[in-house]
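Engineer: just the structure for this:
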Amino acid sequence: MTIQLKGLNDVVELNNGVHMPRFGLGVWQVTEEGQVEQAVLSAVKAGYRSIDTAKIYGNEDGVGRAIRDCGVSRDELFITTKVWNADMGYESTLQAFQTSLDKLGLQQLDLYLIHWPVEGKIKDTWRAIEKLYKDGKVRAIGVCNFHIHHLEELLKDAEIKPMLNQVECHPLLGQVELREFCQKHGIVVEAWSPLMQGNLDLPELAELAKKHGKTPAQIVLRWDLQHGIVTIPKSTHENRIIENADLYDFELSQEDMALIDGINQNKRFGPDPDNFDF
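Structural biologist: Got it, this is the predicted structure:
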């Protein structure tokens, strides 16, 4: 896959025609008072237009305040949140969505996701999310942390195909088979923890960082984008937020990409979606 990248305004077209920014800000674990607001405001000022939160992050209200205070019109922003495991099920998902919407202070959400594939709850939850989509309360819908077998099971009965699958994905966990499956079915892949929770001290990344005059983090994020993977690195520091987005004045060659691809160890820093307990 060859992706032509121009800048932070680059978008990917989801399978329902909605355009989503290829690059955004994640706000997992950003819970200190005022911290998430400052991170979102810094990101929007730097040109970011996509913000990814979740009920379980405990910061939807702070994200909502930043959205209202950022000085950018609502229709320029792409806001994602997720239904948490304890809220899965048909009626409870509908209620959880409204709670999230109220905390964010929005009339409509851009993307709503199932956070984890909770056994026995996926299909009822997806029916509720389909209803939210049909009712115009959310512009796009999808899932997180779904392996191929989870997607296959969902697709058997789904009236509406997921538009996106957000998964742990980085050079040490390349997710090649899953990415190929999603591409075949028109499902965009988005990476959480793209920077391997800071575990960037790898010789291959150091070599490419030196070659291109960039940081190892920038090398990884550029690798994501050139593979067509939507990416949402988290940071609370304005200088790092700006640095993370400084990806458009260089290009990784096919050899560079292959070198990074070769790092894969199928290593997770987060839970395995087939074995999680929360």
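
Engineer: now residue 141: how far from residue 158?
Structural biologist: Noted for residue 141: a distance of 10 Å to residue 158, by C-beta to C-beta, to the nearest Å. Backbone N, C-alpha and C define where each C-beta goes, glycine included.

Engineer: which one of those two has more residues nearby?
Structural biologist: Between residue 141 and residue 158, counting by other C-beta atoms under 10 Å, residue 141 is the more crowded of the two (24 against 17).

Engineer: for the stretch 151-278 of the chain, what spans make up the helices?
Structural biologist: Assigned by DSSP state H, counting those that start in this stretch, the helices in the stretch 151-278 of the chain fall at 176-184, 203-212, 216-226, 238-244, 254-261.

Engineer: of these, flag the one that's most buried.
Structural biologist: Neighbour counts (mean count of other C-beta atoms under 10 Å) averaged over each of the helices of the stretch 151-278 of the chain peak at helix 216-226, with a mean of 24.

Engineer: output that helix as PDB, nothing but the C-alphas.
Structural biologist: This file holds the C-alpha atoms of helix 216-226, laid out as PDB (Å, rounded to 0.1, in the frame of the first residue of the first chain):
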ATOM      1  CA  PRO A 216      12.800   7.200  16.800                       C
ATOM      2  CA  ALA A 217       9.200   8.200  17.700                       C
ATOM      3  CA  GLN A 218       8.800  10.200  14.500                       C
ATOM      4  CA  ILE A 219      10.200   7.200  12.500                       C
ATOM      5  CA  VAL A 220       7.600   4.900  14.000                       C
ATOM      6  CA  LEU A 221       4.700   7.300  13.400                       C
ATOM      7  CA  ARG A 222       5.800   7.900   9.800                       C
ATOM      8  CA  TRP A 223       5.900   4.100   9.400                       C
ATOM      9  CA  ASP A 224       2.300   3.900  10.600                       C
ATOM     10  CA  LEU A 225       1.100   6.500   8.200                       C
ATOM     11  CA  GLN A 226       2.900   5.100   5.200                       C
END
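
Engineer: which strands and helices sit next to that helix?
Structural biologist: Other helices and strands packing on helix 216-226, by 3 or more C-beta pairs under 8 Å, 6 or more residues apart in numbering; DSSP states H and E, are helix 203-212, strand 230-231, helix 238-244, helix 254-261.

Engineer: what separates the second one from the chain centre, distance-wise?
Structural biologist: I take that to be strand 230-231. 6 Å (C-alpha atoms, centre = their mean, to the nearest Å).

Engineer: tell me which residues are up against that strand.
Structural biologist: For strand 230-231, contacts defined as C-beta atoms under 8 Å, 6 or more residues apart in numbering pick out 12, 20-24, 164, 188-191, 194, 221, 224-225.

Engineer: before we move on, what about stretch 24-39?
Structural biologist: 40, 43, 48-54, 57-59, 62-63, 65-66, 69, 78, 80, 192, 230-236, 238, 241.

Engineer: and the next element down the chain from the helix or strand containing residue 131?
Structural biologist: Element membership for residue 131, per DSSP states H and E: helix 122-134. Counting by DSSP H and E, the next helix or strand C-terminal to helix 122-134 is strand 138-144.

Engineer: give me the sheet partners of that next one and which way each runs.
Structural biologist: Paired with strand 138-144 in the same sheet, following DSSP bridges, are strand 109-114 (parallel), strand 164-168 (parallel).

Engineer: now residue 64: phi and psi?
Structural biologist: Reported as degrees, to the nearest 10, the phi and psi values for residue 64 are phi -60, psi -40.

Engineer: surely it is in contact with residue 105?
Structural biologist: Yes - the criterion here is C-beta atoms under 8 Å, and residue 64 meets it with residue 105 at 4.0 Å.
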